[in-house]
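Chemist: coords please:
(4 chains)
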There are 4 protein chains.
Amino acid sequence: MSDDAVFARVMDSFARQGLMKTLRATLDHASPGRVVIGLPFSQAITQQHGFGHAGAITSIVDSACGYAALTLMPEGKAVLTSEFKINLLAPAAGERFEAEGRVIRAGKRQHVAMGEAFAIQNGARKSIAVMLATLVVIDGEGGLSN
Amino acid sequence: MSDDAVFARVMDSFARQGLMKTLRATLDHASPGRVVIGLPFSQAITQQHGFGHAGAITSIVDSACGYAALTLMPEGKAVLTSEFKINLLAPAAGERFEAEGRVIRAGKRQHVAMGEAFAIQNGARKSIAVMLATLVVIDGEGGLSN
Amino acid sequence: MSDDAVFARVMDSFARQGLMKTLRATLDHASPGRVVIGLPFSQAITQQHGFGHAGAITSIVDSACGYAALTLMPEGKAVLTSEFKINLLAPAAGERFEAEGRVIRAGKRQHVAMGEAFAIQNGARKSIAVMLATLVVIDGEGGLSN
Amino acid sequence: MSDDAVFARVMDSFARQGLMKTLRATLDHASPGRVVIGLPFSQAITQQHGFGHAGAITSIVDSACGYAALTLMPEGKAVLTSEFKINLLAPAAGERFEAEGRVIRAGKRQHVAMGEAFAIQNGARKSIAVMLATLVVIDGEGGLSN
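Modeler: Model prediction:
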């Protein structure tokens, strides 16, 4: 698949995620094994101290990891997040956040992805979270795909 | 602290979380060491197959675990999520979801909480996710509290 | 399968784990979905402060979770540990340790297990660690089984 | 501290870990923020299929992460493993294994480390596991240090 086709495939699915729309997240990049999702800061995603909520940051890193795995799936197969773990390294303070997901092991039954989140503030880009995620490969049964 | 005071303390913080408002989550219960958060299903929280997004479910379980830890903190001290891991056990299919956080170890430097998410569908309540979370105890420095 | 047959199946595999022999771990219980492994304290398993090493404790909890999953597998199928996360709740101080693994979700592609470790000291039994583990179901290919 | 002093400090602690001796693990490298531990394959560390046991691999990655954190601690302070998560990417098949721990975030209360394990077989070096670990900083109270 060309990079354009990969991006189109991921975008087709991303556009159907109500949560990404609600958070105002954007699909910024998708190539084989790597996806980047952006998220502007807004009051809609805050925790009690005014920073970005861990749940919002986690949502975009989870989606980035899942879609990174999807880029490596043959048509008709899909992935579901089985589990992930995230370490929050610093408060989510910034005008904008970015989540990057990269597949580090593509297997027959499951893929493992590493995710990272960044806060962009005054032009500086700081790592604020790291994730390890396990995605299970499914056969498109139950109507599930992409 | 009375249970009412514990609930009031958590509610004061919960009401300042923009993300909980955005997701339409509700604080349903707070007592020492245990917090329950509810989340109605809506298009605003879906993933691409129409189920609840793992990120939305994770957000309420994370908040429930963090607030369960907060209920055990003396006034003036606060907690921050250091990290968590979540296993997604089943698709988030339901009219409503509930997240429960319980502290399983309260320490001087950190608390460990166990979280669980449930989907309520046609009157049945099904476990859809389990979380282990580490919360770090902070001294209210930097203006952070509750 | 009878409980005796379940125990025999797990023991057959356990006896082939060189590491369990090296650590002097014992298979104490195996029934459908639940396995308990014991470990006596010795200098052979210490960390630098003289407590049980997190790695030794983790080894028996991991084995207990894996075998708990194996008890639910049809003959000819096997399980492999895909990943786990462990929270160490207290130093491993005791004359003896016990690890319990319980399957909390048995699926077609993978099982999820919860593990817990206990230290036994002067007759008291204290929880020292909790684990969430993902076990992947394999079809006995590559000669792998049990 | 010079690299030699860093290595000496870690070695002093490593030599007191009974488990590392039992597994025949060796301290191969220690510099600020980075530690490598080696482990020869032997029957003493196997699981039931004859590969290296996940528990043995985890033990050296956990130690490598903990010691990587220790290299950044002032004298008199110590670290304890709070929790970790490991993804097993491939069977531990090799003549020898190596675990590398690197601190990715050094904080006042805790450090976060990333670990990786490799299998060396016929001259090839393959990544077999990745870890994210949280280490808590302690003040040497209770006689705990290094």
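Chemist: what's the longest strand in chain A?
Modeler: Ordering each strand of chain A by length in residues (DSSP state E) puts strand A:124-138 first.
Chemist: Quick check: can you name the pairing partners of it and their directions?
Modeler: Here strand A:124-138 is paired, per DSSP bridges, with strand A:78-88 (antiparallel), strand A:110-121 (antiparallel).
Chemist: any chance of these in JSON lines, plus mean neighbour count and mean pLDDT?
Modeler: Where you see a C-beta, it was placed from the backbone N, CA and C, and this is true even at glycine. Listed next are the strands paired with strand A:124-138 as JSON lines, based on neighbours: other Cβ atoms under 10 Å in any protein chain shown; pLDDT from 0 to 100:
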{"stretch": "strand A:78-88", "mean neighbour count": "25", "mean pLDDT": "95"}
{"stretch": "strand A:110-121", "mean neighbour count": "23", "mean pLDDT": "98"}
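Chemist: any chance of those strands in CSV, plus distance to residue D:33?
Modeler: Formatted as CSV, those follow (distance: least, Cβ to Cβ, whole Å):
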stretch, distance to residue D:33
strand A:78-88, 16
strand A:110-121, 18
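Chemist: Contact partners for residue A:88?
Modeler: A:54, A:57, A:128-129, B:80-83 (Cβ atoms under 8 Å, 6 or more residues apart in numbering or on different chains).
Chemist: Residue A:73 falls within a helix, correct?
Modeler: No: Residue A:73 is assigned coil when assessed by DSSP: H, G, I helix; E, B strand; the rest coil, not a helix.
Chemist: number of nearby residues for it?
Modeler: 19 (other Cβ atoms under 10 Å in any protein chain shown).
Chemist: State the distance from it to residue B:48.
Modeler: Distance of residue A:73 to residue B:48, given as Cβ to Cβ, to the nearest Å: 13 Å.
Chemist: now do residue A:7
Modeler: In terms of Cβ to Cβ, residue A:7 sits 15 Å off from residue B:48.
Chemist: which of these two has more neighbours?
Modeler: Between residue A:7 and residue B:48, counting by other Cβ under 10 Å, residue B:48 is the more crowded of the two (23 against 19).
Chemist: On the three-state scheme, the more buried one is what?
Modeler: Residue B:48 - assigned by three-state DSSP - is coil.
Chemist: Would you confirm that it contacts residue A:9?
Modeler: No: Residue B:48 is beyond contact range of residue A:9, at 11.5 Å (criterion: Cβ atoms under 8 Å).
Chemist: And for the nearest residue to residue A:120 once chain neighbours are set aside, the neighbour number?
Modeler: Leaving aside its sequence neighbours, residue A:120 sits nearest to residue A:96 (Cβ to Cβ, 6 or more residues apart in numbering or on different chains; 4.5 Å). Residue A:96 has 14 neighbours, counted by other Cβ under 10 Å.
Chemist: Pick out the residue nearest the middle of chain A.
Modeler: The residue lying closest to the centre of chain A (Cα atoms, centre = their mean) is residue A:64, at 1.6 Å.
Chemist: and residue A:63, backbone torsions?
Modeler: Phi and psi for residue A:63, reported as degrees, to the nearest 10, are phi -60, psi -40.
Chemist: repeat for residue A:108
Modeler: According to degrees, to the nearest 10, the main-chain angles of residue A:108 amount to phi -70, psi -40.
Chemist: How about the contacts made by it?
Modeler: Per Cβ under 8 Å, 6+ apart, neighbours of residue A:108: residue A:137.
Chemist: Low-confidence ranges, chain A, go.
Modeler: Along chain A, segments meeting pLDDT under 70 span A:140-146.
Chemist: got the residues of it near chain C?
Modeler: A:82-83, A:85, A:109-110, A:112, A:132, A:134, A:136, A:138 (Cβ under 8 Å from any Cβ of the partner chain).
Chemist: Which strand residues bridge the residue nearest to residue A:26 when sequence neighbours are not counted?
Modeler: Nearest non-adjacent residue to residue A:26, counting by Cβ to Cβ, 6+ apart: residue A:38, 4.6 Å away. Beta-bridge pairing for residue A:38 (DSSP bridges): residue A:26, residue A:98.
Chemist: Quickly note the distance from residue A:38 to chain C.
Modeler: Going from residue A:38 to chain C by Cβ to the nearest Cβ, to the nearest Å gives 28 Å.
Chemist: on that earlier part again, which member of the residues of chain A next to chain C is positioned nearest residue B:43?
Modeler: The nearest member of the residues of chain A next to chain C to residue B:43, counting by Cβ to Cβ, is residue A:138 at 23.3 Å.
Chemist: tell me the contacts of that closest one?
Modeler: For residue A:138, the contacting residues are A:77-80, A:144, C:109, by Cβ under 8 Å, 6+ apart.
Chemist: Which one of those is nearest to residue A:102?
Modeler: After measuring the contacts of residue A:138 against residue A:102 - Cβ to Cβ - the closest member comes out as residue A:79, at 14.3 Å.
Chemist: Surely that closest one touches residue A:68?
Modeler: No: if you go by Cβ under 8 Å, residue A:79 and residue A:68 don't touch, sitting 9.4 Å apart.
Chemist: Name the residues contacting each of those two.
Modeler: In contact with both residue A:79 and residue A:68: no residue, using Cβ under 8 Å, 6+ apart.
Chemist: and the closest residue to residue A:110 other than its chain neighbours, how far is that from residue C:62?
Modeler: Spatial nearest neighbour of residue A:110, chain neighbours left out: residue A:136 (5.0 Å); criterion: Cβ to Cβ, 6+ apart. For residue A:136, the distance to residue C:62 (Cβ to Cβ) stands at 20 Å.
Chemist: out of these two, which sits in the more crowded spot?
Modeler: residue C:62 (29 against 22).
Chemist: hang on, the more buried one in a helix?
Modeler: Yes: judged by three-state DSSP, residue C:62 forms part of a helix.
Chemist: Write out the residues of chain A neighbouring chain B.
Modeler: So chain A meets chain B at A:13-14, A:16-23, A:42-49, A:53-56, A:58-60, A:62-63, A:80-88, A:91, A:143-144, A:146 (Cβ under 8 Å from any Cβ).
Chemist: which parts of chain A sit against chain D?
Modeler: A:85, A:87, A:89-90, A:104-105, A:112, A:114, A:127, A:130, A:132, A:134.
Chemist: Go through those residues and say which is closest to residue D:119.
Modeler: Taking the residues of chain A next to chain D together and measuring to residue D:119 by Cβ to Cβ, the closest member is residue A:105, at 13.5 Å.
Chemist: Now do the one helix or strand that closest one maps to: which elements does it pack against?
Modeler: Assessed by DSSP states H and E, residue A:105 sits inside strand A:96-106. Applying 3 or more Cβ pairs under 8 Å, 6 or more residues apart in numbering or on different chains; DSSP states H and E, one finds that strand A:96-106 contacts strand A:34-40, helix A:54-70, strand A:110-121, strand A:124-138, strand D:124-138.
Chemist: Noted, bye for now.
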